[in-house]
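Chemist: return atomic coordinates for the entry below.
(one chain, ligands or ions: 1)
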Amino acid sequence: MSTGKLTIDLDALVANWRALDARTSCETAAVVKADGYGLGMARMARALAKAGARQFFVAVAEEGAALRDALGPGPAIHVFSGHMAGDADMIGDLGLIPMINSLDQLIRHVEALPGHGFGIQLDSGMNRLGMEPAEWAAVREVALGQSPALIMSHLACADTPDHPMNAAQLAAFREMTVETGVPLSLSATGGILLGEEYHFDLTRPGIGLYGGLPFKDAQPVVTLDIPVIQTRLLEPGETVGYGNTFTAKRETRIATVSAGYGDGIHRIMGPKTVLYAENTPCPVAGRISMDLIGVDVTELGFEPKSLRLLGAEQGVDDLACNAGTIGYEILTALGPRYDRRYIGG
Ligand SMILES: *Cc1c(COP(=O)(O)O)cnc(C)c1O
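Modeler: Numbers count the residues shown, from 1 in each chain. Down below sits the predicted model:
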């Protein structure tokens, strides 16, 4: 077997959920959209449900349907995109809770599924999803008359605690939700860390559960070990990979490992990235190919069977930094080709 081995630690996932839950005195949901941030929605959600999570969020109704299949009838499943045309059967039959984003969605929902639960998403300044203050003011009475289960909004700059946008959105959200008598939710991972006034009745962490920033104290959830297919000795002056971007300056031992940008290991991270053999860092040599990466293992003194790209030594956010992106993108890019193993839970 030559595929990389992606090990996903369900105990670390649960520990991260509990640690974020312990930072608030309200309820903590779990966001498992995009296949549980690339780690497997069903496995993530079942482990979290077993640990006590009762409320889940997904991006689209189709994900909600898959999640209902994984979780069974108990837990609440909220859909950020709300009630889109064609969603009524899924929402109705599977008991999904759409976060209604507009007057159009509200009308669609109450016409198609009268009496079926829903939530309201408000826009407090991000200008992405949700009703704006004027629209909300116009429909507020009618919407509240239908007994929404939740009112939520989302912060644009919560990963930057000093950003004035946080307080501005908090004020806007408070103003739009005075005396609604409905449970409120504003914060994802970043908002939880901003402090108690951002917590309201329910928080919605995603990335922190999976070990990513801005939750600095998160336990790492993923480990990625990639098998070495072959090693070779280069004379000074020989080159490695497409475009000859690596030239051996000395006698160099190159290990070729079995993963590449087809597995979410972006080409751009090559020059700054290392792979570990036990505790020894071995730099990427030459360009990352679709299925293969050359690694300079000269310093090792032995021939490794596999090399570790992700783990305690080099985490998701280190790779993100090397690629000029964020941990979210590294996780959700991890491809379907890995041999995925779930431990703990
Ligand atoms: C993705 C998302 C979350 C989770 O955000 P994290 O930063 O991953 O914790 C919460 N709420 C909404 C509306 C989202 O889109």
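Chemist: can we go C-alpha only for contacts and neighbour counts from here?
Modeler: Will do.
Chemist: setting aside sequence neighbours, what's the nearest residue to the residue minimising distance to the centre of the chain?
Modeler: Closest residue to the average C-alpha location of the chain: residue 37 at 3.5 Å, with Cα atoms, centre = their mean. Nearest residue to residue 37, sequence neighbours excluded (Cα to Cα, 6 or more residues apart in numbering): residue 332, at 5.1 Å.
Chemist: quick one: that neighbour and residue 38, what's the gap?
Modeler: According to Cα to Cα, to the nearest Å, residue 332 and residue 38 sit 4 Å apart.
Chemist: how does the protein divide into domains?
Modeler: With domains defined by automatic domain parsing, the chain comprises 10-210, 222-343.
Chemist: give me the sheet partners of the strand ranked longest in the chain and which way each runs.
Modeler: Assignment by DSSP state E gives strand 222-234 as the longest strand of the chain. With DSSP bridges as the test, strand 222-234 is paired with strand 5-9 (antiparallel), strand 252-257 (antiparallel), strand 306-310 (antiparallel).
Chemist: flag every buried residue along that strand.
Modeler: For strand 222-234, the neighbour count (16 or more other Cα atoms under 10 Å) marks 222-228, 231, 234 as buried.
Chemist: among the domains of the chain, which comes closest to residue 4?
Modeler: Proximity to residue 4 (Cα to Cα) singles out domain 222-343 among the domains of the chain, at 4.2 Å.
Chemist: retrieve the pLDDT associated with residue 301.
Modeler: For residue 301, the pLDDT comes out at 88.
Chemist: with residue 1 instead?
Modeler: 81.
Chemist: how about the contacts made by the residue in the stretch 1-150 of the chain that the ligand sits nearest to?
Modeler: Nearest residue of the stretch 1-150 of the chain to the ligand: residue 31, at 5.6 Å (Cα to the nearest ligand atom). Applying Cα atoms under 8 Å, 6 or more residues apart in numbering, we find residue 31 in contact with 56-58, 204-206.
Chemist: just put the strands paired with strand 222-234 in a markdown table and tack on mean pLDDT and distance to the ligand.
Modeler: Formatted as a markdown table, the strands paired with strand 222-234 follow (pLDDT from 0 to 100; distance: least, Cα to the nearest ligand atom, whole Å):
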| stretch | mean pLDDT | distance to the ligand |
| --- | --- | --- |
| strand 5-9 | 98 | 17 |
| strand 252-257 | 98 | 31 |
| strand 306-310 | 98 | 19 |
